[in-house]
Each structure stands twice: as C-alpha cells, then as structure tokens.
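>>> build me a model from this:
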Amino acid sequence: MKLGVTAILLAVIFHFISFEDIWIGIRRTSPLVWLSVLAGFLIGHVLAAFKWGLLVGQGLSFSTIVRAHFAGLAANIALPGVAGGDVARAAVLASKIESRHRLITGSIIDRLIDVAILVAIAALGAAIMGTAGQTGVWLQVFAAVLVILGGGVYIALPGIAAWLEAHLTGAGKLPMLVKEIATYMAGHRNRILVCAALSFAIQVGFVCLNVVLAWSMQGPTNLAVWLFAWPLAKLIATLPISLGGLGVREASLAAVFAAFATASPVVIAVGFVWQTILITTGLVGLGVQFLSRKRNSEPSGGTNVGPNAR
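Residues are numbered from 1 along each chain as shown. Here you go, the predicted structure:
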C-alpha cells in the first residue's frame, strides 16, 4: 500500500515537472554542505533523544536512550510515524524500565509536544510573512490566538488534570490514558516547558538546515516561508501512507511554495536531498543497533536522563 502511494506520487511529480530540472538542483548540492546538514541533523536527533529521555526517565542511561531513539529512526525508513519509529524505540526500552505506563505516557507526550511545536512554528512563519506583507493579517491573528491558547492550556493544566481525575476515574482504557497524560503534564509543567523549548530549537534547526540546502541549490531562502511550509510538509509526511514520507513531503513543499510564486523543481530537489539525509540517518540508526548488540553489554558510568525523582 505504502509503496503504491509513493510510486503514484512520484509519477505525478515527474509528470508535471521535468526530472532533468529537478536533477539540476540536486547536482548543485555541495558534498560539504550535504555532510554538514547530515551532521546537524544527527546532532538534532541526539538532542531529541535527550528530550524524550526527560519524559520517559526511570534512571536510564543517556546512551541507552540514544540507542533506542536511533532504533526508531531506523524503523522510520519504512514505517513512518507511530506505526514505526515510536513503537520501535519504545520496544527497545520495554525490557529495561520499571514502568511501562510511564514509557507509554512519556512517548505520547513527546509526540504531542513535537506536533504542537510544528504547528506553532508554522504559525510563526505565517506571522512573519504577514508582517512583511506577504500574507493577510488573518494569519497573524491566527498565530496570536495559538500563542494565547497554548499559554492558557499551560496555566490551566492543574485544573484540567483535576477535572479529568474526578470525571474519568474508573472509565475505559483510552479515557484513563488521557487522564494519566494530563496528570503527568500538570505535575511536571516545568519539564514540559523545557521539552517544548528543546523541540522548538530542534525543529527550527531542521528548518534552517533545509534553507542551507536550498541556498546550495540556488533555491528559495526566505526563512519565513520555510518556517511556514516545512512544518506543514513534515506533519503531512508523517502520515503512514507512504515509504518514509517520500513523495508526500516533496509534493506538499511544492504546493506551499507555489503559492508564493516559487518554481517547483528546486523545492522538490531540496525535498529529495533531504530524503537522502533521512535515509542516511536511518542507516546510522541501524549501525548503532548493530554495534550495541556486538558489544552485548550496557556501558557503565552513563549519564542518567530523567531521574525517578519527581
């Protein structure tokens, strides 16, 4: 199914846009730029592993958290999103933790934070474009509403958790999971704020890496447009409908940039080169798993992430 969707999307892309035009953009990519972007992406995911570790905690060493996170990246090559990466990284930790509920809750919160931050970054890009006169004022209003709503939810978390505790106790599994998530977030608001800040820095960093790729291909480098377009394309690409988001990401980016009179070939070229970064990172994840199994022992003296103490 995913292979079929990917093939159809690629066929549509190459039907409307010449492969030669896309290839010209790809060939402009400097090997040094590509390696630098790969290094930046790997660093970003080490930080993402640290963020996830803060949420799942339980005294696990940082090296264990990183190995599990990179197992998820390896799974993302063929199984994007919750069906692949999130389940794979959780499976690596399943036998090493004290509380599976904490692992599940922390992983879901980690995903929710990332999704919320991607929406916030897109809103930020829209607001910047509105200030520059590139879009209507309504986008600035929408961005302001999101900020106010997010701040309101953060402040109201204890009250929300208390209400859910009173009304969902004894309910089914899904309502109980919602209650556990809200209770954890209410009891660890500062930690949630730190993780949100980390997520923002990581995702904006990834946007900037795409801008660097676009610059190397003589493509669009308007940061505001990238802040708006890239998070939306990433959210769409995480839907489990294609192989690693291939085709979905490129088509989404091209559609958004087309609204700003930007030629599609170079934008799609950036998407394809970014895909090589994702695949290479997944292969690095496979290498990390192979080396860790070869050592067949947990390294001593690791830095603990997310202590048991609440």
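>>> low pLDDT regions in the stretch 51-200 of the chain?
Scanning the stretch 51-200 of the chain for pLDDT under 70 picks out 78-84, 131-139, 169-171.
>>> so which residues of it form helices?
Along the stretch 51-200 of the chain, the segments classed as helices by DSSP state H, counting those that start in this stretch run 62-75, 85-93, 100-131, 137-168, 173-187, 189-216.
>>> out of the ones you listed, nearest to residue 32?
helix 189-216 (9.0 Å; CB to CB). The C-beta positions use only the backbone N, C-alpha and C, and glycine is treated the same way.
>>> so what touches the next helix or strand after the closest one?
Sequence-wise, the next helix or strand downstream of helix 189-216 (DSSP states H and E) is helix 223-237. For helix 223-237, contacts defined as CB atoms under 8 Å, 6 or more residues apart in numbering pick out 80, 115, 118-119, 121-122, 124-126, 128-129, 132, 134, 203-204, 206-208, 210-211, 214, 220, 245, 248-249, 252-253, 256-257, 260, 262, 271.
>>> next, count neighbours for residue 263.
Residues lying near residue 263 (other CB atoms under 10 Å) number 15.
>>> I'd guessed residue 218 sits against residue 28; true?
Yes: using CB atoms under 8 Å, residue 218 is in contact with residue 28, at 6.1 Å.
>>> more neighbours, these two?
residue 28 (17 against 11).
>>> how near is the more buried one to residue 216?
6 Å (CB to CB, to the nearest Å).
>>> ok, now residue 280?
Going from residue 280 to residue 216 by CB to CB gives 17 Å.
>>> residue 73 now?
From residue 73 to residue 216 the distance is 24 Å (CB to CB).
>>> between the two, who's got more neighbours?
Using other CB under 10 Å, the more surrounded residue of residue 73 and residue 216 is residue 73, with 25 against 21.
>>> and for residue 43, the neighbour number?
12.
>>> should've said residue 12
The burial count for residue 12: 12, using other CB under 10 Å.
>>> good, wrapping up.
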